[in-house]
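Q: Have a look at this fold, sequence not included:
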């Protein structure tokens, strides 16, 4: 059935950025399968034509593209259902005028969000609508310094989501179909059907997860406020947190012995186990290869977790963990500064199955743990030596 | 100090309810049976021991448990805790790693295998809380 947003060939050509004759030639040579209505172009077909146009601009010949269509490499999946904003485009200055912000600030907002520089002169009506939300947030009094950090986190997180969606769809749907020798047009059809069903699911899932996570972090923030000493308030943008780094010792050797895929599975299980066992006040900030960085507003609970986690990690490869507490800079959803670096260095000093802690942790830990002084150690990159302690269950 | 049970019988009734919920649940039950991790729980303040395993061929349900030690199978994991900690644990209010470090839970055997069950058994927390709310509200953690 033809959709209401079908457009004429001339309009389709304008949206793709080629002549109507070029579009006709692409149809005639099999690069594009026209929509069901004679002479009309639906959004999916226009999306396909855009990709063909990009491939042509990158120097791919018509024969090569046609080959890719036939063997299924050019099945578009999600791309066909994203649609496009076909409103007239505008530059930053024009968009800024519409939303009532300085052009320099609009440019800063968009680049912080991850907009490519080349797209700043081709802003669509949807882009402007999004900028209006940004303007509202600033008008309501949300500080610019915090706003810019927040939108950077949004941009990075959403880019990660989109990248994962496309990569996983490619790896687990598109490539298996091609490996099975499925004809190109069947691949395109199957991917289109699956995409059409999957894509609408992502926004409600993301929205719900966001609400759930927000609820959790608001609760933790309230608890932190109640439990913290107002006299020890940190400077603006700085927070006092406990930091733990945990990694799998022998991971490189494991990868050599068992291969990349098995090693990736082991790291994934390790990171899942960390998340599964963390106390409420702690969270994983990031994973870097086989290393996990955790922060917590409750240092005693974090070092307890570290010792308990070692008890739970029965089999090889076992982790090594370093724990420290101090004041750090919070920026763009991450934690920075000397104390973070120190925690990472402490972890690097730990042996397999060991938890190492600094004096600052020992001072706040509960009586359930024993700390054995290992001595003063000059950690890489630090001029002053650091006292390191091995943490264990008391009486062990 | 958490809430305490009125009697060992009440505690046993509550734990039977927990295991019954896991056994009967259409999602949890088959997954726990397939995981096949026999566990021994020692509730030392009440001197009670329960051994639980996956059902065998020909047995009804998904889980089988007996409140005694002389059973004809070996536990893969042993966990020792008080009845108060057990009550919090099955309501999802006891962090396992922290509880082990604080000696609220003592574990031995293949604890990692038991940890792998946590994502499966998570739904029981809310279900058990509902039971506690309805029958023994003073035990709500």
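A: Everything's here; your move. Predicted, not measured: the structure shown is a model, and the values here were computed from it.
Q: name the helices or strands packed onto the helix or strand where residue A:376 lies?
A: Here residue A:376, judged by DSSP states H and E, is contained in strand A:369-377. Packing contacts for strand A:369-377, counted by 3 or more C-beta pairs under 8 Å, 6 or more residues apart in numbering or on different chains; DSSP states H and E, involve helix A:299-312, strand A:386-393. To be clear about C-beta, it is placed using only N, CA and C from the backbone, and glycine gets the same treatment.
Q: Run through who's touching that strand.
A: A:303-304, A:307, A:349, A:356-357, A:362, A:365, A:385-396, B:101 (C-beta atoms under 8 Å, 6 or more residues apart in numbering or on different chains).
Q: Kindly supply the PyMOL command isolating those of the residues you listed that are buried.
A: Buried residues among these (16 or more other C-beta atoms under 10 Å in any protein chain shown), as a PyMOL selection:
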select buried, (chain A and resi 303+304+307+349+356+357+362+365+386+388+389+391+392+393) or (chain B and resi 101)
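Q: And the residue of chain B closest to chain A?
A: Residue nearest to chain A within chain B: residue B:97 (3.3 Å; C-beta to the nearest C-beta).
Q: Near chain A, which residues of chain B? Just list them.
A: Within chain B, the residues that sit near chain A (C-beta under 8 Å from any C-beta of the partner chain) are B:95-103, B:107, B:110-112, B:115, B:118-119.
Q: phi, psi of residue A:284?
A: Phi and psi for residue A:284, reported as degrees, to the nearest 10, are phi -80, psi 120.
Q: quick one: it from residue A:161, how far?
A: Per C-beta to C-beta, to the nearest Å, residue A:284 is found 17 Å from residue A:161.
Q: okay, these two: which has more neighbours?
A: Using other C-beta atoms under 10 Å in any protein chain shown, the more surrounded residue of residue A:284 and residue A:161 is residue A:284, with 16 against 12.
Q: Quick check: that one touching residue A:273?
A: No: Residue A:284 is beyond contact range of residue A:273, at 11.0 Å (criterion: C-beta atoms under 8 Å).
Q: What is the neighbour count of residue 113?
A: Reading this off chain A. 19.
Q: actually it's chain B I care about, not the one you picked
A: 17.
Q: What are the boundaries of the helices in chain B?
A: Shown for chain B, the helices assigned by DSSP state H span residues B:8-24, B:28-35, B:83-89, B:96-101, B:111-115, B:118-135.
Q: Next: the stretch 151-300 of chain A.
A: Taking DSSP state H, counting those that start in this stretch as the test, the helices found in the stretch 151-300 of chain A are A:175-179, A:184-227, A:251-277, A:299-312.
Q: how far is the last one from where the chain is centred?
A: Going back to what we said before, that points to helix A:299-312. 27 Å (C-alpha atoms, centre = their mean, to the nearest Å).
Q: tell me the mean pLDDT over that helix?
A: Averaging the model's pLDDT scores along helix A:299-312 yields 94.
Q: so who does residue 111 touch?
A: Going with chain A. Residues near residue A:111 by C-beta under 8 Å, 6+ apart: A:117, A:120.
Q: my bad, the chain I had in mind was chain B
A: A:311-312, A:314, B:77 are the contacts of residue B:111 under C-beta under 8 Å, 6+ apart.
Q: Just the buried residues of those residues.
A: Here, 16+ other C-beta under 10 Å leaves A:311-312, A:314, B:77 buried among the contacts of residue B:111.
Q: near chain B at all, stretch A:317-326?
A: No: applying C-beta under 8 Å from any C-beta, one finds that stretch A:317-326 is not in contact with chain B, the shortest distance being 10.6 Å.
Q: Relative to the whole chain's centre, how far out is that stretch?
A: 24 Å.
Q: again, but for stretch A:269-280
A: For stretch A:269-280, the distance to the chain centre is 19 Å (C-alpha atoms, centre = their mean).
Q: Give me the contacts around that stretch.
A: Stretch A:269-280 is contacted by residues A:216, A:220, A:246, A:248, A:284, A:287, A:290, A:292, A:294, A:296, A:298, A:301-302, A:304-305, A:308-309, A:312-313, A:319, B:95-98, B:112, B:115, B:118-119 when judged by C-beta under 8 Å, 6+ apart.
Q: Buried among those? Make that a PyMOL selection.
A: Only the buried entries of the contacts of stretch A:269-280 go into this PyMOL selection, using 16+ other C-beta under 10 Å:
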select buried, (chain A and resi 220+246+248+284+287+290+292+294+296+298+301+302+304+305+308+309+312+313+319) or (chain B and resi 95+96+97+98+115)
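Q: Can you point out the helix or strand that includes residue A:340?
A: Here residue A:340 is assigned to helix A:338-349, by DSSP H and E.
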